[in-house]
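Trainee: Need a 3D model of the sequence below.
(3 chains)
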Amino acid sequence: MGFSEEMVVKVVQENGEGNTDSILETLLTYSALETTASVQQNPDSGNCSSDYEGSLLNDFSDFDSFSESEEIMSPSSEEGRKLLHLTKMGYSEAEASVVMERCGLCYLIHFCNIFLLMVGRMSKFHLDSIKDPRLFNCCIENGPDSTIEELTDFICAAQIAKAADALFPLEDKKPFSNGSSHKKRRNWGYDLLLRKKKLKLEKRFDEDDDAVHLPNPMIGFGVPNEPDQITNRVLPEAALGPPYFYYENVALAPKGVWTTISRFLYDVEPEFVDSKFFCAAARKRGYVHNLPIDNRFPLLPFPPRTIHEAFPLTRKWWPSWDTRTKLNCLQTCIASARLTDKIRKALEDSDGEPPLGIQKFVLEQCRKWNLVWVGRNKVAPLEPDEVEMLLGFPRNHTRGGGISRTDRYKSLGNSFQIDTVAYHFSVLKDKFPGGINLLSLFSGIGGAEVALHQLGIPLKNVVAVEIAELNRNILRSWWEQTNQRGTLTDIQDVQELNGDRLEQLIKNFGGFDLVVGGSPCNNLTGSNRYHRDGLEGKDSALFFDFCRILDLVKCIMNGTKSMII
DNA sequence: TAAAAGATGATACAAGAC
DNA sequence: GTCTTGTATCATCTTTTA
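Mentor: The predicted model follows:
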């Protein structure tokens, strides 16, 4: 079923460039005929047209183990062997583990069987497609109910789009609202250059596992009032909107995590930014997005940039030997009273300036727990109100309504830094003067919504997905208090967002303009001493749901949902 | 029973010494 | 180049308290 370039050109000439439905039908017909002829010529091999035979043998030379389907089907096969099969199919070990853990063995066997059946029918192009994360997501989305036809349709669609990409220039691309039929399929395409780049990248990663380097200083494509601004970049074609998307997570993740995140999000280069360039506290985060990066502007007035500006009363008690001007990352837990008491006693024991040993101990604890000076020899953790302010949220945003102090710290510690995110979102203000339709995944206490609101971008329709009821209540409360004119739909679980639900929402709203999400970092952050398991961790694996949902939104908005659902 | 408090390192990176 | 040192990190689990 592979489409050679000659075949595509011939079919386009026969049907005309504008008649894509006819092109698709003819291509499928020709392809089916060619496959039939090929199988008849060589029924044992099962491979398709002779054009690809040589390369196919080479391409599949690594897949010898797949020749014995019974072995994979056998209930006695070990999980490790399945893992090996998946890794040979082009997935990283982590990704394969996620499939096995999340989808179960029946999915895995189903997945492998699909692959086996397709190997006999696929062209070289198909091999590329089956390694694509979208097929991975398609299998997860459809699960055991998916059929060979559905999956081959998926790949055929990708193939058609690829052919269309070669024929229709990029500049023809128009926004979703007025896209023509041939443009609707454009987002399925992944051009050859991109694929080559990807392979090159993967090869480089093999040589150097630490391929994604964190910039120093951590300013991403630029921050306000700093030199070295980057104002343009070339996005991979598959990453282009609509919709715009914006993904966030901790920058200091285990090795290889950002490589995987980038690969699953269309090979878009992550932008690593430390929020210390926007406020008085550090927050090192990675952002993968397809937003424009020119003509960004910050929220005004600027928030306080130093500890003393943020907390002027601490200046009186701040010792000269504590040289901090910025706080470290605001976490979900605070220091104990026992620790601050220990520090007070250690300082009171020394007459005048404490000895270097005491200074070192106190400074270490102050840095670790973000303690500030509130009296003579007295340090204290930040109050929830103060954390709210540093993160750019309205005062009392998380206060009241049944939430405990502990939970306020937790919710705030897991949220965006508003000024940082708003700086990135600012490019949308001119593009959506009439308001924006937002799909907010893992919305938490509404960092994305607050950032857009503070930029003056009207919120037309917001679908917020958040597992914690407390956080949903906070967002709902903010929504009502700020007299939003749009609609807020809250959903508890990302698993509820399947193709049908998304199709309905998109039908109601006319599509999403922006998909935002910061999936759980629990298994990525260095603060986690127990389960820092990477992207296959119980919570952080929800990243793949972000990818799944984003892919579905793109597919539905481009009118091709029926090809994978 | 819920909230608060207390105890619990590993990992990764940068910078400097050699 | 290698080694050491210093530093930062959207947390989890158990116990105590109200």
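
Trainee: Please list the residues of the stretch 351-500 of chain A that sit near DNA strand C.
Mentor: Counting by CB under 7 Å from any atom of the strand, the positions of the stretch 351-500 of chain A adjacent to DNA strand C are A:Glu364, A:Arg367, A:Lys368, A:Gly413, A:Asn414. In short, each C-beta sits where N, CA and C put it, glycine included.

Trainee: State the three-state secondary structure for A:Leu488.
Mentor: In three-state terms, and counting by DSSP: H, G, I helix; E, B strand; the rest coil, A:Leu488 is strand.

Trainee: do A:Glu309 as well
Mentor: Note that with three-state DSSP, the state of A:Glu309 is helix.

Trainee: so where do the strands sit in the stretch 451-565 of chain A?
Mentor: A:459-465, A:487-491, A:514-517 (DSSP state E, counting those that start in this stretch).

Trainee: Output those strands as a markdown table; include the columns mean neighbour count and mean pLDDT.
Mentor: Converted to a markdown table, these look like this (neighbours: other CB atoms under 10 Å; pLDDT from 0 to 100):
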| stretch | mean neighbour count | mean pLDDT |
| --- | --- | --- |
| strand A:459-465 | 22 | 98 |
| strand A:487-491 | 17 | 97 |
| strand A:514-517 | 26 | 98 |
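
Trainee: which one of those strands lies closest to A:Leu550?
Mentor: A:Leu550 sits nearest to strand A:514-517 of all the strands of the stretch 451-565 of chain A, at 5.4 Å, using CB to CB.

Trainee: could I get the strands of the stretch 451-565 of chain A as CSV with distance to DNA strand B?
Mentor: Below are those laid out as CSV (distance: least, CB to the nearest atom of the strand, whole Å):
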stretch, distance to DNA strand B
strand A:459-465, 22
strand A:487-491, 21
strand A:514-517, 24
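
Trainee: mind putting those in a markdown table, distance to A:Gly241 included?
Mentor: What follows is those, written out as a markdown table (distance: least, CB to CB, whole Å):
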| stretch | distance to A:Gly241 |
| --- | --- |
| strand A:459-465 | 17 |
| strand A:487-491 | 21 |
| strand A:514-517 | 9 |
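
Trainee: of all these, which lies closest to A:Thr420?
Mentor: Taking the strands of the stretch 451-565 of chain A one by one with CB to CB, strand A:514-517 is closest: 13.2 Å.

Trainee: Can you give me the buried ones in stretch A:348-368?
Mentor: Using 16 or more other CB atoms under 10 Å as the test for burial, stretch A:348-368 gives A:Pro354, A:Ile358, A:Gln359, A:Phe361, A:Val362, A:Leu363, A:Gln365, A:Cys366.

Trainee: And stretch A:383-391, by the same measure?
Mentor: Buried, per 16+ other CB under 10 Å, within stretch A:383-391: A:Pro384, A:Asp385, A:Glu386, A:Val387, A:Glu388, A:Met389, A:Leu390, A:Leu391.

Trainee: likewise stretch A:512-530?
Mentor: A:512-525.

Trainee: which residues sit in contact with the nearest residue to A:Cys333 once chain neighbours are set aside?
Mentor: Spatial nearest neighbour of A:Cys333, excluding adjacent residues (CB to CB, 6 or more residues apart in numbering): A:Tyr409 at 6.6 Å. For A:Tyr409, the contact set (CB atoms under 8 Å, 6 or more residues apart in numbering) comprises A:Gln331, A:Thr332, A:Cys333, A:Ile334, A:Pro384, A:Val387.

Trainee: now with 10 Å?
Mentor: Applying CB atoms under 10 Å, 6 or more residues apart in numbering, we find A:Tyr409 in contact with A:Leu330, A:Gln331, A:Thr332, A:Cys333, A:Ile334, A:Pro381, A:Leu382, A:Glu383, A:Pro384, A:Val387, A:Thr398.

Trainee: Which members of those additionally contact DNA strand B?
Mentor: A:Cys333.

Trainee: Now go through the contacts of A:Tyr409 and say which are in helices.
Mentor: A:Pro384, A:Val387 (DSSP state H).

Trainee: most neighbours, which of the contacts of A:Tyr409?
Mentor: Within the contacts of A:Tyr409, most neighbours by other CB atoms under 10 Å means A:Thr398, with 27 neighbours.

Trainee: what separates A:Phe432 from DNA strand C, distance-wise?
Mentor: 25 Å (CB to the nearest atom of the strand, to the nearest Å).

Trainee: what sits against that residue?
Mentor: A:Tyr244, A:Leu438, A:Leu452, A:Ile457, A:Pro458, A:Leu459, A:Lys460, A:Asp513, A:Leu514.

Trainee: How much space separates it from A:Arg485?
Mentor: 14 Å (CB to CB, to the nearest Å).

Trainee: One more: A:Leu252?
Mentor: Separation of A:Leu252 from A:Arg485 (CB to CB) stands at 40 Å.

Trainee: Compare those two and say which is more crowded by neighbours.
Mentor: A:Leu252 (17 against 9).

Trainee: give me the residue from the stretch 201-350 of chain A nearest DNA strand B.
Mentor: A:Ser336 (2.4 Å; CB to the nearest atom of the strand).

Trainee: Show me the shaky parts of the stretch 101-250 of chain A.
Mentor: Across the stretch 101-250 of chain A, the ranges flagged by pLDDT under 70 are A:101-211.

Trainee: Enumerate the residues of it near DNA strand C.
Mentor: By CB under 7 Å from any atom of the strand, the residues of the stretch 101-250 of chain A that approach DNA strand C are A:Glu248, A:Asn249, A:Val250.

Trainee: Most neighbours among these, which one is it?
Mentor: Neighbour counts for these, by other CB under 10 Å, peak at A:Glu248, which reaches 26 neighbours.

Trainee: ok but A:Arg344 is inside a helix, no?
Mentor: Yes. Counting by three-state DSSP, A:Arg344 is found in a helix.

Trainee: residues contacting it?
Mentor: Counting by CB under 10 Å, 6+ apart, the residues that A:Arg344 touches are A:Val362, A:Gly375, A:Arg376, A:Asn377, A:Lys378, A:Val379.

Trainee: ok, and which of the residues you listed reach DNA strand B?
Mentor: Of these, not one also sits near DNA strand B (CB under 7 Å from any atom of the strand).

Trainee: Those, buried ones only, as a ChimeraX selection?
Mentor: Buried residues within the contacts of A:Arg344, by 16+ other CB under 10 Å, are selected in ChimeraX with:
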select /A:362,377,378,379
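
Trainee: nearest to DNA strand B, of the contacts of A:Arg344?
Mentor: A:Val379 (13.3 Å).

Trainee: if I've got this straight, that closest one is in a strand?
Mentor: Yes. Assessed by three-state DSSP, A:Val379 belongs to a strand.

Trainee: pretty sure it is touching A:Arg324, no?
Mentor: No. The pair A:Val379 and A:Arg324 fails to qualify as a contact (CB atoms under 10 Å) at a distance of 11.4 Å.

Trainee: Pull up the overlap in contacts between the two.
Mentor: In contact with both A:Val379 and A:Arg324: A:Cys366, A:Asn370, A:Leu371, A:Val372, using CB under 10 Å, 6+ apart.

Trainee: Which of the helices or strands spans A:Asn437?
Mentor: strand A:436-441 (DSSP states H and E).

Trainee: For that strand, name the packing helices and strands.
Mentor: Counting contacts by 3 or more CB pairs under 10 Å, 6 or more residues apart in numbering; DSSP states H and E, strand A:436-441 packs against strand A:244-250, helix A:447-455, strand A:459-465, strand A:487-491, helix A:499-509, strand A:514-517, helix A:543-557.
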